[in-house]
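Novice: Fold the following for me, if possible:
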Amino acid sequence: MCRRTGTGASIAADKVPGGWAALCVDAATAAGARRWNDADGPAVSHRLTSAPLPEEILDAWFSGSASSDETDLANIAYLSEIEN
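Specialist: Numbering: from 1, shown residues only. Have a look, this model is predicted:
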């Protein structure tokens, strides 16, 4: 039974080699997923998001980018390492 939580979309997208999806429930999570994890795409819960939230999430997503901070880059490198 589909609950439309966004979790399934995130898991499916993460099966694509080299692709990382992040389950984003708000704009702050979307911005953080881009900045700290260099995620490739947001997964959004249909069940948990009210009408204005998807736009806020996508605005935060598309206006963000990966961090150039050394600690954040080390985190991204670690994620790549454990992916392989």
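Novice: and the most centrally placed residue in the chain, what pLDDT?
Specialist: With distances taken as CA atoms, centre = their mean, Ala22 lies nearest the centre of the chain, 2.4 Å away. For Ala22, the pLDDT comes out at 91.
Novice: Ok, the one 3 residues further on next?
Specialist: With respect to pLDDT, Val25 scores 88.
Novice: ok, now how distant is it from Ile82?
Specialist: Val25 sits 24 Å away from Ile82, going by CB to CB, to the nearest Å. Yep, even glycine has a C-beta here, placed from its N, CA and C like the rest.
Novice: Then Ala66?
Specialist: Distance from Ala66 to Ile82, by CB to CB: 18 Å.
Novice: More neighbours: these two, which one.
Specialist: Using other CB atoms under 10 Å as the criterion, Ala66 and Ile82 rank with Ala66 on top: 14 against 6.
Novice: That one: what's it in contact with?
Specialist: 34-35, 38, 72, 76 (CB atoms under 8 Å, 6 or more residues apart in numbering).
Novice: Can you show me the strands along the protein?
Specialist: For the chain, the strands defined by DSSP state E cover 21-24, 41-44.
Novice: what's the first one packed up against?
Specialist: Put plainly, it is strand 21-24. Counting contacts by 3 or more CB pairs under 8 Å, 6 or more residues apart in numbering; DSSP states H and E, strand 21-24 is packed against helix 7-14, helix 27-37, strand 41-44.
Novice: what comes up buried for the last one?
Specialist: Right, the one you point to is strand 41-44. Neighbour counts using 16 or more other CB atoms under 10 Å place 41-44 of strand 41-44 among the buried residues.
Novice: With distance to Ile11 and pLDDT added, can I get the residues you listed in TSV?
Specialist: Formatted as TSV, the buried residues of strand 41-44 follow (distance: CB to CB, whole Å; pLDDT from 0 to 100):
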residue	distance to Ile11	pLDDT
Gly41	13	89
Pro42	14	90
Ala43	9	88
Val44	14	86
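Novice: Right, I'll leave it there.
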